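Undergrad: Output the structure for:
(2 chains)
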2 protein chains.
Amino acid sequence: MRDFSAGPQGLSINTATVRKQWKLDRIIDECARRDIRAISPWRDQVAAVGLDAVARRLRDAGVALSGYCRGGFYPAKDASGLAAALADNRQAVDEARALNAPCLVLVVGSLPGALDGHAAHKDIGRARGEVRDGIAATLEYARQAGMPLAIEPLHPMQAAERACINTLEQALDLCDELDPARSGALGVAVDLYHVWWDPKLAAQIARAGRERLLAYHVCDWLTPTRDLLNDRGMMGDGVIELRKVRGWMEAAGYAGHAEVEIFSDHWWAQPGEQVLDTCLARHRSVV
Amino acid sequence: MRDFSAGPQGLSINTATVRKQWKLDRIIDECARRDIRAISPWRDQVAAVGLDAVARRLRDAGVALSGYCRGGFYPAKDASGLAAALADNRQAVDEARALNAPCLVLVVGSLPGALDGHAAHKDIGRARGEVRDGIAATLEYARQAGMPLAIEPLHPMQAAERACINTLEQALDLCDELDPARSGALGVAVDLYHVWWDPKLAAQIARAGRERLLAYHVCDWLTPTRDLLNDRGMMGDGVIELRKVRGWMEAAGYAGHAEVEIFSDHWWAQPGEQVLDTCLARHRSVV
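TA: Numbers count the residues shown, from 1 in each chain, chains lettered A, B, ... in the order given. Down below sits the predicted model:
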């Protein structure tokens, strides 16, 4: 297992972690200043600064991407909604490519309208079918662009609104169906916050193997957790066995970054410098 | 599929649903008045009225149990804690028998101390081992008492504090290990709130079959859900496909009650009469 205790190598910052403090150009600079050489930005953060400006800033600062957030959200109320989602995913692939991302992360979506509290229907099976078809279509485009797609299983508590793919096994079943050759074009983003509870986690990480393990996200699960979305913990402050799972990831062949992604009203209220410094310290001590 | 539209047949009230409004003796009377002939009480509610008094009240009112809540919470910090949990589970079996319950529901527990925000350790694998051993010990006692045990998989968002058995598949794997003969002594309580999101739900209900399907709990999943514990919805107010899943249950041979269990600050603030009347109306229209 790699030794992260010496410094920032292996660390990536998902830029949602400090999205309330800074715009993306500042985040890039603050990471570079700490010798954090990888980030994973969100599309809205990129758009706020401008795609070309971000690409230039990354080059100048010597910061690379560990992933690009995000594609997905396929299910829709009708055919025009489905078509719009596919077009949006093609654009996400293009942006990921412009930024030299190693993969585009997919948060696949679920019941259309549920995110606004008004689900158009309750048929999660239908949503799962639309997700399958959507990923298949995006995969065709992404293959030509040379951009791997990483399906991110989301915690079952987000199954209604954000993603109807909720276990690593389910994500890998879909990978096997759409990319049976294990070409590297389709895999998974393993976010520990979403999957830590799964009794099949070790077995499914082993099953995934190097070709399918495209990204690894860390934070922690707090007890109590006060909000279903924005109460993630800093690594070490919760109950997730971070080092044990990284061991499983690396035994399966994963050699990429540990990407810190913390949606947290608490951490968003702290100075960005303090958040990054804490991420770095915890990366060394507990990840 | 059974027709529930005519009246309260097939309906049971888990008494947690109106625990803030009434004591158990009143709940029994209010159910009987509405011709609701089954309830599932909690141990603390029984203790507050007295075991013998509750047994008598049930007989007099013509109300039976659809289950008894609850045994479990096996993992502990040390050997004396583990032994205390086993003793407590034996007592729960005795109480269930005194009340003629058809099964004792097990909420199995997880990381010791996590419920109070101070987990003694983070090893959920260890907790799962202690749960296995604990159920095995209770099963030996419960077999002699003729009291079936129903393992209730809890939603993964409650995996740290309340139950480290989080999918129906995981619960059934344990049933197969501890009761390979499918004797009826060990099975599952399928609470839709906890398992509705599971892509393997239909397959695992079919796998469970009549011998393992000991209880069926209903409520609904709200969007948004504002609290991890006490924001369950009334049937019909959320996104769970209630009738579809009842169809799977009955196709697998389940012929028991649909037990309404709603932990909800909203519904606890309404008059008990209104809550029961709404449960009955929704039982007829959407369950």
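
Undergrad: Helices along the stretch 51-200 of chain A, start to end?
TA: A:51-61, A:79-98, A:124-145, A:168-178, A:192-195 (DSSP state H, counting those that start in this stretch).

Undergrad: Let's have these in JSON lines, adding mean pLDDT.
TA: Conversion of the helices of the stretch 51-200 of chain A to JSON lines gives the following (pLDDT from 0 to 100):
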{"stretch": "helix A:51-61", "mean pLDDT": "98"}
{"stretch": "helix A:79-98", "mean pLDDT": "98"}
{"stretch": "helix A:124-145", "mean pLDDT": "98"}
{"stretch": "helix A:168-178", "mean pLDDT": "98"}
{"stretch": "helix A:192-195", "mean pLDDT": "98"}
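
Undergrad: Please identify the deepest-packed of those helices.
TA: Highest mean neighbour count among the helices of the stretch 51-200 of chain A (mean count of other Cβ atoms under 10 Å in any protein chain shown): helix A:192-195, with a mean of 24. Heads up, the C-betas are built off the backbone N, CA and C, glycines and all.

Undergrad: Whether that one contacts chain B - can you check?
TA: No - applying Cβ under 8 Å from any Cβ of the partner chain, one finds helix A:192-195 separated from chain B by no less than 8.9 Å.

Undergrad: packing partners for that helix?
TA: With contacts defined as 3 or more Cβ pairs under 8 Å, 6 or more residues apart in numbering or on different chains; DSSP states H and E, the packing partners of helix A:192-195 are strand A:213-218.

Undergrad: quick one on the thing from earlier: adding distance to residue B:105, write the helices of the stretch 51-200 of chain A out as a markdown table.
TA: As requested, the helices of the stretch 51-200 of chain A are exported to a markdown table (distance: least, Cβ to Cβ, whole Å):
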| stretch | distance to residue B:105 |
| --- | --- |
| helix A:51-61 | 54 |
| helix A:79-98 | 42 |
| helix A:124-145 | 26 |
| helix A:168-178 | 27 |
| helix A:192-195 | 27 |
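
Undergrad: Surely residue A:245 is in a strand?
TA: No - counting by DSSP: H, G, I helix; E, B strand; the rest coil, one finds residue A:245 to be helix, located in no strand.

Undergrad: May I have the residues that are in contact with the closest residue to residue A:124 other than its chain neighbours?
TA: Leaving out its chain neighbours, the residue that sits closest to residue A:124 by Cβ to Cβ, 6 or more residues apart in numbering or on different chains is residue A:164, at 5.4 Å. With contact taken as Cβ atoms under 8 Å, 6 or more residues apart in numbering or on different chains, residue A:164 is in contact with A:75, A:108, A:109, A:110, A:111, A:124, A:127, A:128, A:131, B:197, B:199.

Undergrad: Around chain B, which positions in chain A sit nearby?
TA: So chain A meets chain B at A:111, A:114-115, A:117, A:119, A:122-124, A:128, A:155-157, A:159-161, A:164, A:166-167, A:170, A:196-199, A:221, A:223-226, A:228, A:238-241 (Cβ under 8 Å from any Cβ).

Undergrad: In PyMOL, how would I select just the buried ones from those residues?
TA: The command below creates a PyMOL selection of those among those that count as buried (16 or more other Cβ atoms under 10 Å in any protein chain shown):
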select buried, chain A and resi 111+114+115+119+122+123+124+128+155+156+157+159+160+161+164+166+167+170+196+197+198+199+221+223+225+228+238+239+240+241
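
Undergrad: Pretty sure residue A:45 sits in a helix.
TA: Yes - the assignment for residue A:45 by three-state DSSP puts it in a helix.

Undergrad: re earlier: can you report phi and psi for the residue nearest to residue A:124?
TA: Here is the backbone geometry of residue A:164 (degrees, to the nearest 10): phi -100, psi 10.

Undergrad: Now stretch A:30-39: buried residues?
TA: When burial is assessed from 16+ other Cβ under 10 Å, stretch A:30-39 yields the following buried residues: A:30, A:31, A:32, A:34, A:36, A:37, A:38, A:39.

Undergrad: Please apply the same query to stretch A:16-34.
TA: Here stretch A:16-34 shows A:16-19, A:21-22, A:24-25, A:27-28, A:30-32, A:34 as buried, counting by 16+ other Cβ under 10 Å.

Undergrad: Please produce a markdown table containing these, extended by secondary structure and pLDDT.
TA: As requested, the buried residues of stretch A:16-34 are arranged in a markdown table below (DSSP: H, G, I helix; E, B strand; the rest coil; pLDDT from 0 to 100):
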| residue | secondary structure | pLDDT |
| --- | --- | --- |
| A:16 | helix | 98 |
| A:17 | helix | 98 |
| A:18 | helix | 98 |
| A:19 | coil | 98 |
| A:21 | coil | 98 |
| A:22 | coil | 98 |
| A:24 | helix | 98 |
| A:25 | helix | 98 |
| A:27 | helix | 98 |
| A:28 | helix | 98 |
| A:30 | helix | 98 |
| A:31 | helix | 98 |
| A:32 | helix | 98 |
| A:34 | coil | 98 |
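
Undergrad: which of these lies closest to residue B:266?
TA: Closest approach between these and residue B:266, by Cβ to Cβ: residue A:16, at 31.0 Å.

Undergrad: Show the contacting residues for residue A:13.
TA: Counted by Cβ under 8 Å, 6+ apart, residue A:13 has contacts A:27, A:31, A:36, A:38, A:39, A:40, A:259, A:260, A:276, A:279.

Undergrad: List the contacts of the fifth one.
TA: Residues in contact with residue A:39 (Cβ under 8 Å, 6+ apart) are A:12, A:13, A:14, A:15, A:27, A:28, A:31, A:63, A:65, A:66.

Undergrad: Tell me how far the third one lies from residue A:39.
TA: Spelled out, that is residue A:14. Taking Cβ to Cβ, to the nearest Å as the measure, residue A:14 falls 7 Å from residue A:39.

Undergrad: Same check on the second one?
TA: Noted for residue A:13: a distance of 5 Å to residue A:39, by Cβ to Cβ.

Undergrad: can you check the fourth one too?
TA: Summarising the geometry, the distance separating residue A:15 from residue A:39, computed by Cβ to Cβ, is 5 Å.

Undergrad: Now list whatever residues contact both of the two.
TA: With Cβ under 8 Å, 6+ apart as the test, residue A:15 and residue A:39 both reach residue A:27.

Undergrad: how about a markdown table for the buried residues of stretch A:16-34, with distance to residue A:71 added?
TA: Shown next, in a markdown table, are these (distance: Cβ to Cβ, whole Å):
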| residue | distance to residue A:71 |
| --- | --- |
| A:16 | 15 |
| A:17 | 20 |
| A:18 | 22 |
| A:19 | 18 |
| A:21 | 26 |
| A:22 | 24 |
| A:24 | 18 |
| A:25 | 23 |
| A:27 | 21 |
| A:28 | 22 |
| A:30 | 26 |
| A:31 | 23 |
| A:32 | 27 |
| A:34 | 29 |
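
Undergrad: what's the closest of those to chain B?
TA: residue A:16 (19.1 Å; Cβ to the nearest Cβ).
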